[in-house]
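Student: turn this into a model:
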Amino acid sequence: MPVVVRLDEVLAAKRMTAKDLGRRIGLSETQLSLLRTGKVRGMRFSTLAAICAVLECVPGDLLDYEPGEGDVHDAQPDGDA
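Tutor: As a prediction, this is how the structure comes out:
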């Protein structure tokens, strides 16, 4: 998947554990672990906003795009979005 979750890096920079973050935003350790390892296919904006509020960051600090295998090479915007 070309979208990479950088949550562990932000947590380390903020000197916060994933367990503490989960407790503060209401996510279980399992849910947070799946998010941290990139094994989720989506995330609610409210969850992203809660993470950003606690970590005092912006979504771009948590997510990155690395093109390569698994991305959609020939996707063209069709104007319907």
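Student: so where do the helices sit in the protein?
Tutor: 7-13, 18-25, 29-36, 45-55, 59-62 (DSSP state H).
Student: return the distance of the shortest one from the chain's centre.
Tutor: It stands for helix 59-62. Here helix 59-62 is found 7 Å from its chain centre; the criterion is C-alpha atoms, centre = their mean, to the nearest Å.
Student: which other helices and strands contact that helix?
Tutor: Judged by 3 or more C-beta pairs under 8 Å, 6 or more residues apart in numbering; DSSP states H and E, helix 59-62 is in contact with helix 7-13, helix 45-55. Every C-beta, even on glycine, is put in place using the N, C-alpha and C of the backbone.
Student: buried residues in it?
Tutor: Within helix 59-62, the residues that qualify as buried by neighbour count (16 or more other C-beta atoms under 10 Å) are 61-62.
Student: what do you get for stretch 16-23?
Tutor: Buried residues in stretch 16-23 (16+ other C-beta under 10 Å): 18, 21-22.
Student: least confident of these?
Tutor: Least confident of these in the model: Ala18, at 93.
Student: thinking again about what came up before, the helices and strands packed on helix 59-62: which one's closest to Arg36?
Tutor: helix 7-13 (5.0 Å; C-beta to C-beta).
Student: contacts for that closest one?
Tutor: 17-18, 21, 35-36, 51, 55, 57, 61-62 (C-beta atoms under 8 Å, 6 or more residues apart in numbering).
Student: tell me the one of these nearest Val4?
Tutor: Nearest to Val4 among those, with distances taken as C-beta to C-beta, is Leu62, at 9.7 Å.
Student: what residues are up against that closest one?
Tutor: 5-7, 10, 48, 51-52, 55.
Student: of the residues you listed, select the buried ones using a PyMOL command.
Tutor: Per 16+ other C-beta under 10 Å, the buried members of those correspond to this PyMOL selection:
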select buried, resi 5+6+7+10+51+52+55
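Student: looking at the contacts of Leu62, which is nearest Ser28?
Tutor: Ile51 (14.2 Å).
Student: what about the residue lying closest to Ala50 once chain neighbours are set aside, neighbour count?
Tutor: Spatial nearest neighbour of Ala50, chain neighbours left out: Ile25 (4.2 Å); criterion: C-beta to C-beta, 6 or more residues apart in numbering. Other residues near Ile25 come to 18 when the count uses other C-beta atoms under 10 Å.
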